[in-house]
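Engineer: coords please:
(2 chains)
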Amino acid sequence: DTEVTQTPKHLVMGMTNKKSLKCEQHMGHRAMYWYKQKAKKPPELMFVYSYEKLSINESVPSRFSPECPNSSLLNLHLHALQPEDSALYLCASSHLDMGLAGGNEQFFGPGTRLTVL
Amino acid sequence: AQSVAQPEDQVNVAEGNPLTVKCTYSVSGNPYLFWYVQYPNRGLQFLLKYITGDNLVKGSYGFEAEFNKSQTSFHLKKPSALVSDSALYFCAVRDSRRSQGNLIFGKGTKLSVKP
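Structural biologist: Got it, this is the predicted structure:
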């Protein structure tokens, strides 16, 4: 299985709602990532998990709350979002790099298209 | 600073002609370079990477890329373009400042292949 799956594919939510995005992989990868992508722009890193522990948080607002319950799953909990948070949210996974070296490619899911009203 | 630049917003090619999508990089230390493709409303698909070794890297779907250290470039190429190659292409470099380096992406180049 060389696939990263994401649910839901589309999500529309109001600014007072609480929702969650889910990501799953069964490739044995121990690094998982959340990216945010605006239309016709490159993905921007939000969070990185290594061995199920948060290793990088790119100063993301607290209304985004990541969670990695096990080595195959990654969640992104959303609360009190703003319309400018509307974007494609991409999950990715990879084997862990060896320290500062290494070039393991990341495998991306299809994304969740989020619209905040 | 680690960065990649894709100087062209769009590349137009006729089907059957060779294509080149340009990428230049700026890194400290050894560069780990990647190309990804994104079709509309889809995630990114890995095409190829350069870590070390031969400067010509072959990847998926007939794509290849040439690593040129003196010109700090990593251009993506294909000998004969297909209409189905039309998509958004991203060059990326691994952020080697971090022990679990994320990818730093270029702005993307839209490839349009006309029949």
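
Engineer: and residue 74, what is it in contact with?
Structural biologist: With no chain named, the answer covers chain A. Applying Cβ atoms under 8 Å, 6 or more residues apart in numbering or on different chains, one finds that residue A:74 lies in contact with A:22, A:23, A:24, A:32, A:34, A:49, A:66, A:67, A:68, A:91, A:93. Yep, even glycine has a C-beta here, placed from its N, CA and C like the rest.

Engineer: Can you look at chain B instead?
Structural biologist: With contact taken as Cβ under 8 Å, 6+ apart, residue B:74 is in contact with B:23, B:24, B:25, B:31, B:33, B:35, B:50, B:65, B:66, B:67, B:68, B:91.

Engineer: Could I get the full set of strands for chain A?
Structural biologist: Counting by DSSP state E, the segments of chain A that form strands are A:4-7, A:10-13, A:18-25, A:31-37, A:44-50, A:53-57, A:64-70, A:73-79, A:87-94, A:107-108, A:112-116.

Engineer: Chain B too?
Structural biologist: For chain B, strands defined by DSSP E occupy the ranges B:3-5, B:10-14, B:19-21, B:24-26, B:33-38, B:44-50, B:56-58, B:64-68, B:73-78, B:87-94, B:103-105, B:109-114.

Engineer: Quick one: these as CSV, columns for distance to residue A:75 and mean pLDDT too.
Structural biologist: Formatted as CSV, the entries for those read as follows, by distance: least, Cβ to Cβ, whole Å; pLDDT from 0 to 100:
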stretch, distance to residue A:75, mean pLDDT
strand B:3-5, 30, 93
strand B:10-14, 36, 98
strand B:19-21, 35, 98
strand B:24-26, 33, 95
strand B:33-38, 23, 96
strand B:44-50, 20, 95
strand B:56-58, 35, 96
strand B:64-68, 35, 97
strand B:73-78, 34, 98
strand B:87-94, 25, 95
strand B:103-105, 21, 91
strand B:109-114, 32, 97
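
Engineer: what's across from the spatially most central residue of chain A in the sheet?
Structural biologist: The centroid of chain A falls nearest to residue A:34 when counting by Cα atoms, centre = their mean (2.4 Å). Note on residue A:34: beta-bridge partners residue A:47, residue A:91, judged by DSSP bridges.

Engineer: Which pLDDT does the model give it?
Structural biologist: Turning to residue A:34, the model gives it a pLDDT of 97.

Engineer: how near is it to chain B?
Structural biologist: Distance check for residue A:34 against chain B: by Cβ to the nearest Cβ, to the nearest Å, it reads 10 Å.

Engineer: repeat for residue A:88
Structural biologist: When Cβ to the nearest Cβ is applied, the distance between residue A:88 and chain B equals 8 Å.
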